[in-house]
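Q: I would like the atomic coordinates for the input below:
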Amino acid sequence: MDFRSNNAGDENKPDTAGQRRNQAEIIGLVKKAVDGDFEAFGKLYTICIVPIYRYVLYQVKDKMTAEDITEEVFLKAWRAIGSCRGKEATFSSWLYRIAHNQVIDTLRRQQKQVPLEMTALADVQAPLDLDVKLEQQQLLKAITRLPPNQKQVIILKFIEGLNNDEIGQIMGKNQGAIRILQMRALATLRFIMSQGR
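A: Prediction:
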């Protein structure tokens with residue numbers, strides 16, 4: 001199954017803007033899925049697969065592992081969808097939380113970081129100008145050097161386009177802590193990029 005491209009022609013933008021525009025549709029689909037409607041869950045899968053896969057890929061930096069984790073996230077989500085009854089509006093945050101926990105579990109089992117694949121960026125975005133691609137690869141390398149909490153905030157905020165409230169729900173932290181993590185992460189990224197490492 002190919003997780004990398006769900007929105008032809010708009011691969012460079014995270015799907016979260018579309019999710020926000022369709023929040024009422026997502027809430028309706030979650031309500032149906034909670035009642036056992038597998039087709040409604042399938043539509044949620046179609047809407048959410050690309051951002052969840054991209055989030056996981058940026059964490060583990062290995063396509064096969066990211067695909068396996070993403071599949072597991074949606075299997076767990078289907079098994080536990082009943083817990084979303086009355087909390088349909090927070091479905092996306094709940095799904096990212098499952099993804100976060102699954103990434104942590106997988107990395108603990110592996111007890112090692114997978115080397116960064118230079119092709120990872122091309123797999124989640126459309127082809128770009130060479131200079132832009134090189135700059136993005138440098139940024140991706142710099143992001144991988146951040147402490148785990150800072151890396152997660154940067155990915156959720158600037159790659160997935162989530163707001164601080166959503167990030168706080170996913171990470172189990174208040175907005176003040178999220179802002180501090182974000183400021184520290186940006187300062188660290190600026191330092192790493194200025195050193196050219």
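Q: The residue nearest the centre of the chain: what's it in contact with?
A: What sits nearest the mean C-alpha location of the chain, by Cα atoms, centre = their mean, is Y55, with 2.3 Å. Contacts for Y55 were tallied using Cβ atoms under 8 Å, 6 or more residues apart in numbering; they are Y96, A99, I155, L156, I159, E160. For every residue, glycine as well, the C-beta is placed using N, CA and C.
Q: Please repeat the previous calculation with a cut-off of 6 Å.
A: A99, E160 (Cβ atoms under 6 Å, 6 or more residues apart in numbering).
Q: State the helix or strand in which it lies.
A: helix 38-60 (DSSP states H and E).
Q: lowest confidence element among the helices and strands of this protein?
A: helix 120-124 (a mean of 46; mean pLDDT, DSSP states H and E).
Q: sorry, back to before: I'd like the distance between the residue nearest to the centre of the chain and L44.
A: 16 Å (Cβ to Cβ, to the nearest Å).
Q: before we move on, what about G86?
A: 17 Å.
Q: More neighbours: those two, which one.
A: L44 (22 against 9; other Cβ atoms under 10 Å).
Q: The closest residue in space to the more buried one that isn't next to it in sequence: what's it in contact with?
A: Nearest residue to L44, sequence neighbours excluded (Cβ to Cβ, 6 or more residues apart in numbering): L29, at 5.1 Å. Going by Cβ under 6 Å, 6+ apart, L29 touches A40, K43, L44.
Q: Surely the first one is in contact with K31?
A: No. Look at A40 against K31 with Cβ atoms under 6 Å: they stay out of range, at 8.1 Å.
Q: What helix or strand is the closest residue to K43 other than its chain neighbours located in?
A: Closest residue to K43 in three dimensions, ignoring its sequence neighbours and counting by Cβ to Cβ, 6+ apart: L29, at 5.3 Å. Using DSSP H and E, L29 sits within helix 23-34.
Q: Which positions in that helix come out as buried?
A: Neighbour counts over helix 23-34 (16 or more other Cβ atoms under 10 Å) mark I26, L29, V30, K31, K32, A33, V34 as buried.
Q: Tell me how far the second one lies from V153.
A: Using Cβ to Cβ, one obtains 28 Å as the distance from L29 to V153.
Q: One more: F41?
A: Per Cβ to Cβ, F41 is found 29 Å from V153.
Q: what about these two, which has more around it?
A: Using other Cβ under 10 Å, the more surrounded residue of F41 and V153 is V153, with 29 against 19.
Q: I figured that one hits L181, correct?
A: Yes. Using Cβ under 6 Å, V153 is in contact with L181, at 4.6 Å.
Q: ok so, going back, could you figure out how far the helix holding Y55 is turned away from helix 23-34?
A: 110 degrees (axes from the mean of the first three to the mean of the last three Cα atoms, to 10 degrees).
Q: Now do the buried residues in helix 38-60.
A: 40-41, 43-45, 47-60.
Q: Tell me how far it lies from the chain's centre.
A: 9 Å (Cα atoms, centre = their mean, to the nearest Å).
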